[in-house]
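**Student:** Quick one: sequence and predicted model below, then my questions.
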Amino acid sequence: MGLDMVPLVAAFTFVFLAELGDKTQIAAIILSSKCSAASVFAGSMLAFFLVDGMSALIGGELIGSLPYRWISLSSGVIFVIFGVLSFIRRDEKIEVEDQRVSFFKTFSVVSLMELGDKTQIASIVLAGELESPFIVLAGIMLAFSLVTGIGVLFGRKLLRMLPEKYLKMGASLLFVLFGVIFILRAMINVALI
């Protein structure tokens, strides 16, 4: 019996697109301009693992024990709301002081930014919806690794090439699309993904 790749690919794709140009990627760009790329990457990854990864593992198991139809409907509504809010929300400014930024400062900044963020909620919802919390965790962490690596190594150039408004628009549309899929699954009780 082979490994079902749908949860891995769905979690990776969703988090990757949602985090491109997000405030945590911008923070990684700013922080990496003030200290080593390795400390920014390591601090960011630990923060993502503890905030989003643990949320997926713990929240996914809790959500997985609830009735499927209600989970799918609730997930869909949450995703649509986040998509609409992301689309209409104003840009957030991120300021970092000029002193050398350490691993712990990076960890603290990224952790605080991720608490209650759309990707933390999405991690919980995806783990419960796709019923594979460990595979979803792997997809989430792969996406965060790639996005953070891009932010640390190529951040300034990337944001000049791809305007932030298009990245945010794409992430918003993805949230709405996943939301509609989950709502349809709940209403007609058919697996669409």
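**Tutor:** Perfect, thanks for sending it.

**Student:** Just want the most central residue of this structure.
**Tutor:** Within the chain, one residue has its C-alpha closest to the average C-alpha position: by Cα atoms, centre = their mean, that is Thr119, at 3.3 Å.

**Student:** In the protein, spot the helix with the most residues.
**Tutor:** Assignment by DSSP state H gives helix 133-161 as the longest helix of the chain.

**Student:** Name the residues of that one that are buried.
**Tutor:** Along helix 133-161, these residues count as buried under the neighbour rule (16 or more other Cβ atoms under 10 Å): 133, 135-141, 143-145, 147-152, 155, 158-159. From N, CA and C alone the C-beta is placed, and that goes for glycine too.

**Student:** do the same with stretch 106-117
**Tutor:** With the criterion 16+ other Cβ under 10 Å, stretch 106-117 contains buried residues 106-107, 109-111, 113-114, 117.

**Student:** out of those, which are inside helices?
**Tutor:** Assigned to helices by DSSP H, the following of those qualify: 106-107, 109-111, 113-114.

**Student:** Just checking, which helix or strand of this structure averages the lowest pLDDT?
**Tutor:** helix 54-64 (a mean of 70; mean pLDDT, DSSP states H and E).

**Student:** Can you name the next helix or strand after that one?
**Tutor:** Next in sequence after helix 54-64, counting helices and strands by DSSP states H and E, comes helix 68-88.

**Student:** chain center to that following helix, what's the gap?
**Tutor:** 14 Å (Cα atoms, centre = their mean, to the nearest Å).

**Student:** May I have the phi/psi pair for the residue nearest to the centre of the chain?
**Tutor:** As for Thr119, its main-chain torsions (degrees, to the nearest 10) stand at phi -70, psi -30.

**Student:** To what extent is Leu85 buried, counted in neighbours?
**Tutor:** A count of nearby residues for Leu85, using other Cβ atoms under 10 Å, gives 12.
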